[in-house]
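# make a model of this:
(3 chains)
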Amino acid sequence: MVAPFSPTGRVEVVAQQLLGCVLSSGAVAGRIVEVEAYGAEDDAASHAFRGPTARNASMFGSPGTLYVYLIYGMHWCANVACGPPGEASAVLIRALEPVQGLDLMWSRRPKARAEVDLCSGPGKLCASLDITGDHDGVSLLRSPPGSFGPTLRRGSLHGGEEIVCGPRIGITKEVDRPWRFAISGNRYMSRPLM
DNA sequence: TTTCCGATGTACT
DNA sequence: GTACATCGGAAAA
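Now for the predicted structure:
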């Protein structure tokens, strides 16, 4: 298959290329509408800032490797590693527009009050897709569409859609770097851009 | 409606 | 001991 992004591109460029792509897992799928880019040693907000550890090992994997980690002791966050060999950049998937398996998403997220709440946040979308630490390190590109595990497939922006950017959310370092990207006007993003 | 804060585990100082 | 790429319930307005 054709890779949904250029493996050796700069992380902030890859992040924008991932907008519009479809992330699926089993019978559930969503269109990526919001992401954040995280760099390597040059980005103090990145998990890779201090070099490889047991937790961030997947960030150093080949492009298309899924990096899943636990945040605040209870929520999983999914990233796509995208750096060339030796460079651990990754893109955090922040929000999806649900496109398939809505019933299953609802059953996994009974607290959701509306469809827009199903995948409008990094922890929410992992719950809806049932992405956990078990999936850390798997390739999103190797498995064919329709396979059971997490898979990424190419997508594109629709007519009239534009990419907008702003500062990343929930960090205390590098707060001014505008590395949060979203599809303009999309109602499924986690929060408005600042 | 907006704001505040507790839950809960892992990594790092 | 403290911070953390979050979420959702309770309190305030």
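
# quick check on whichever residue of chain A sits closest to DNA strand B: phi, psi?
With distances taken as Cβ to the nearest atom of the strand, chain A approaches DNA strand B most closely at A:Gly73, which sits 2.9 Å away. (Each C-beta comes from the backbone N, C-alpha and C, glycine too.) Main-chain torsions, A:Gly73, degrees, to the nearest 10: phi 70, psi 0.

# pLDDT score assigned to it?
The model reports A:Gly73 with a pLDDT of 95.

# so what's it up against?
Counting by Cβ atoms under 8 Å, 6 or more residues apart in numbering, A:Gly73 makes contact with nothing.

# residues of chain A that sit close to DNA strand B?
For chain A, the residues in contact with DNA strand B (Cβ under 7 Å from any atom of the strand) are A:Arg50, A:Thr53, A:Ala54, A:Arg55, A:Asn56, A:Leu70, A:Ile71, A:Tyr72, A:Gly73, A:Met74.

# with secondary structure added, can I get these in TSV?
Formatted as TSV, these follow (DSSP: H, G, I helix; E, B strand; the rest coil):
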residue	secondary structure
A:Arg50	coil
A:Thr53	coil
A:Ala54	coil
A:Arg55	helix
A:Asn56	helix
A:Leu70	strand
A:Ile71	strand
A:Tyr72	coil
A:Gly73	coil
A:Met74	coil
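
# buried ones from these, can you make that a PyMOL selection?
Once 16 or more other Cβ atoms under 10 Å is used to decide burial, the buried members of the residues of chain A next to DNA strand B can be selected in PyMOL as follows:
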select buried, chain A and resi 56
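
# I appreciate the help and will end here.
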